[in-house]
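>>> need a structure here:
(one chain, ligands or ions: 1)
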Amino acid sequence: MSDTPQTTPREGGRAAIGDAVPRVDGPKKVTGRAPYTADHRLDEAPLIGWIVPSRAGRARVDAVDTARALDVPGVVAVLTHRNAPKQAPRGTPSDAGRFSQSHALLAAPEVACYGEPVALVLAETLEAAREAAGLVEVALTPLPGRYAVTGDEPDEALEVPDDVDGGMPADMSHGDFDLAWEKAEVRVDATYETLAEHASAMEPHATLATWDGEELVVRVAIQIVGSAVEALANTLRLDKEKVRVISPFIGGGFGSKLGIHDDAVLASLGAIATDRPVRVVQTRRDLFSSAPHRGCSTQRVRLGASRDGRLLAVAHESVMPMARGYEFAEPCAASARASYACDGILTRHRVVRADLPRIDSMRGPGEAVGSLAFESAVDELARALERDPVAFRLANVAETEPISGKPFASFDLRRCLEVGAERYGWSRRAERGRRDGRWLLGHGVASATRPNFLMEAKARVRLEDDGRAVAELDMTDIGTGSYTILSQIVADTLELPLDRVEVRLGDSRYPQTAGSGGSFGAASAGGALLSACRRLRGQLRAGGGREAEGHIEPGEDFEKYAQYMTGAHFVEVGVDEVTSEVRVRRAVGAFSFGRVLNPTTARSQLYGGMVFGIGGALTEGLHLDERVGAYMNRDLAGYHLPTERDVPALEVVMIGERDDRCGLLGSKGVGELGLCGLGAAIANAVYDACGARVRRFPLTPDAVMAARAAW
Ligand code: MOS
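Alright, predicted model coming up:
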């Protein structure tokens with residue numbers, strides 16, 4: 001059932017796949033020797049680029065007066081739309097995908113949204129750049145824009161996106177929902193709302209761009225190296241071969257660094273304009289108004305069941321903003337398409353184009369906010385049926401993919417619910433009482449599902465003359481543990497001690513992977529490296545060459561089978577009787593995601609996901625200034641990520657599941673799994689505690705109080 005990892009070092013410093021190896025880059029990180037982008041030192045001191053952002057929403061730039069800024073000692077140049085190097089129009093080529101398209105800036109006297117750069121000051125020092133940026137005078141005429149998006153949009157404002165994240169169709173159905181809904185004896189029809197959210201990675205977006213002869217070398221905090229090269233080449237109209245992207249250490253991304261952002265383009269423009277290295281680090285404040293984020297959502301869920309507890313009908317429909325000029329729609333109904341068997345399913349995603357900063361994948365796109373609604377509604381239905389919410393879920397777990405009828409490669413939801421319930425003590429929860437002083441106690445459960453993606457990847461491994469193995473691939477380590485698990489794969493396959501293995505990542509000169517995103521990084525990059533190592537081992541045994549390449553891509557099994565990870569969350573909350581504050585007191589999650597490559601790093605991933613689950617449920621939310629489309633709580637004091645005090649001891653059970661169809665490595669994604677569903681378990685526990693169903697997230701005290709008053 002749960003893993004029994006190798007936690008003590010193996011003989012001779014060996015390490016196998018599946019061992020609880022501590023992070024191989026840990027010592028570097030805690031001693032400050034891991035070079036993050038903005039830390040990187042060049043021989044030539046870089047110019048510092050400071051962004052002057054638009055303080056209007058959609059607008060026309062009438063004039064930019066840079067005279068006073070240029071007078072500041074140390075200022076070398078101020079780039080505006082008048083003098084910035086020429087670029088390809090934003091969003092081109094249209095067939096390149098959103099992470100590879102042009103992200104042109106300072107290209108025209110128009111501003112698409114609040115926070116968009118209107119000038120870049122380049123100076124010898126940060127102080128000079130910053131002072132001068134304050135002296136750039138920008139005259140803007142606001143243009144009509146659409147900023148707020150609610151659930152009450154008229155039909156004509158709603159658009160059907162071409163697809164939703166993950167490449168799924170916007171609308172999918174199975175059977176006849178209307179008929180099933182008619183037949184249902186017990187029904188829930190509820191609408192849920194979530195606020196916009198921000199990835200808020202610890203490391204701000206940063207770039208250091210420099211010329212190396214004819215080659216533009218761009219050190220940038222990025223999750224995917226390959227598409228960053230393409231995006232820069234497309235934006236700057238350079239040959240792909242003339243752009244090198246380097247990103248060895250990244251301080252978190254959570255989706256906001258999947259593609260390049262303003263810093264990357266501006267630093268590159270600066271390097272082109274001045275022929276000097278340029279560093280641009282975005283400020284926390286500006287990131288909150290301009291970096292990729294998650295849009296707000298309104299989600300209607302309708303569920304119907306027979307009185308004896310069989311789920312018959314599922315409908316999940318969402319409305320979210322889509323940033324104008326940037327095609328991304330979040331698959332809120334992903335869980336509804338995956339989790340439970342029923343006669344009729346209807347899922348629809350609608351978007352409203354808005355003049356907002358970029359909206360993109362963020363931490364568990366789809367399930368993170370979709371399951372808040374869906375798994376709350378499942379709970380509402382179980383309550384209406386007067387059934388135990390665990391038993392109700394168990395009775396309806398899907399046997400095949402509900403929407404397509406395809407067999408699952410593996411689908412452990414039932415076991416996750418059973419194992420999690422056992423570990424939590426679900427059947428004995430009444431013994432914990434209903435109250436602890438002024439805290440009203442409640443317990444909640446929710447299922448977690450998340451699609452498993454495998455992406456094409458390549459890797460190279462070489463045996464050096466000194467007997468060390470060196471692996472190279474353009475995979476990134478965004479804090480997840482890539483260096484560690486990839487080192488384990490090499491050490492295991494080539495039977496070498498860990499300290500004889502060197503893994504080099506984050507350089508576009510290395511074989512291309514799909515990088516870190518969508519929880520596909522480990523299985524994809526790891527599979528490619530495993531294949532390279534096996535090949536090298538074969539070559540060495542046959543007395544052949546000392547270098548080998550590996551390649552992996554999703555095969556037939558990704559066509560024939562539905563691929564998912566699963567989990568189940570169990571949460572105890574306290575609701576303050578007077579203030580309605582919600583505190584999570586205990587959280588247990590049971591997860592199944594194929595082979596566990598390293599229980600230490602996997603557990604950390606799950607903990608991180610669960611922390612964000614608490615954030616999405618209780619604390620995180622961006623508040624929009626509807627006049628200009630700006631987010632108002634633009635720092636970590638106003639945007640509340642859960643802190644140590646918000647997070648109780650978390651318990652994670654990893655169910656070691658064997659799946660031979662999910663790729664060479666046998667592992668699936670774990671990065672986002674811990675987040676999916678946890679928020680709903682919290683909301684369900686709040687209902688259990690105080691009888692109030694809160695359908696507006698996050699569950700801040702005022703939202704809970706209002707729901708309690710209504711009840
Ligand atoms: Mo993830 S939201 O694909 O980094």
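>>> Check whether stretch 187-207 comes near the ligand.
No - against the ligand, stretch 187-207 shows no contacts by Cβ under 6 Å from any ligand atom, the least distance being 7.6 Å. The C-beta positions use only the backbone N, C-alpha and C, and glycine is treated the same way.
>>> send the alpha carbons of that stretch over as PDB?
Output of stretch 187-207 as PDB, limited to C-alpha atoms (Å, rounded to 0.1, in the frame of the first residue of the first chain):
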ATOM      1  CA  ARG A 187     -31.000  17.300  -7.600                       C
ATOM      2  CA  VAL A 188     -28.500  20.000  -6.800                       C
ATOM      3  CA  ASP A 189     -28.300  23.100  -9.000                       C
ATOM      4  CA  ALA A 190     -25.700  25.500  -7.600                       C
ATOM      5  CA  THR A 191     -23.500  28.300  -8.800                       C
ATOM      6  CA  TYR A 192     -20.000  28.900  -7.400                       C
ATOM      7  CA  GLU A 193     -17.700  31.800  -7.800                       C
ATOM      8  CA  THR A 194     -13.900  32.100  -7.500                       C
ATOM      9  CA  LEU A 195     -11.800  35.200  -7.500                       C
ATOM     10  CA  ALA A 196      -8.800  35.700  -9.800                       C
ATOM     11  CA  GLU A 197      -5.600  34.300  -8.400                       C
ATOM     12  CA  HIS A 198      -1.900  34.900  -8.800                       C
ATOM     13  CA  ALA A 199       0.900  32.400  -9.100                       C
ATOM     14  CA  SER A 200       3.100  34.400  -6.800                       C
ATOM     15  CA  ALA A 201       6.400  32.500  -7.200                       C
ATOM     16  CA  MET A 202       9.000  33.400  -4.700                       C
ATOM     17  CA  GLU A 203      11.500  34.400  -7.400                       C
ATOM     18  CA  PRO A 204      10.300  37.400  -9.400                       C
ATOM     19  CA  HIS A 205      10.400  37.200 -13.200                       C
ATOM     20  CA  ALA A 206      13.900  38.100 -14.200                       C
ATOM     21  CA  THR A 207      16.100  38.100 -17.300                       C
END
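>>> so the residue nearest to Ala291 when sequence neighbours are not counted is in which element?
Closest residue in space to Ala291, ignoring its immediate chain neighbours: Ser256 at 5.1 Å, by Cβ to Cβ, 6 or more residues apart in numbering. For Ser256, there is no helix or strand it lies in under DSSP states H and E.
>>> Hmm, Pro204 and Ser256 touching each other?
No - shown here, Ser256 and Pro204 do not form a contact pair, counting by Cβ atoms under 8 Å, at 10.1 Å.
>>> ok, those two, which is more surrounded?
Ser256 (25 against 19; other Cβ atoms under 10 Å).
>>> count of residues packed around Asp702?
Neighbours around Asp702, by other Cβ under 10 Å: 11.
>>> residues of whichever strand or helix holds it that come out buried?
Using DSSP H and E, Asp702 maps to helix 701-710. Buried positions in helix 701-710, judged by neighbour count with 16 or more other Cβ atoms under 10 Å: Ala703, Val704, Met705, Ala707, Arg708.
>>> again with stretch 53-66
So for stretch 53-66, counting by 16+ other Cβ under 10 Å, buried means Pro53, Ser54, Ala56, Gly57, Arg58, Ala59, Val61, Val64, Thr66.
>>> what's the answer for stretch 106-123, then?
Quick answer for stretch 106-123 (16+ other Cβ under 10 Å): 106-107, 109, 111-123.
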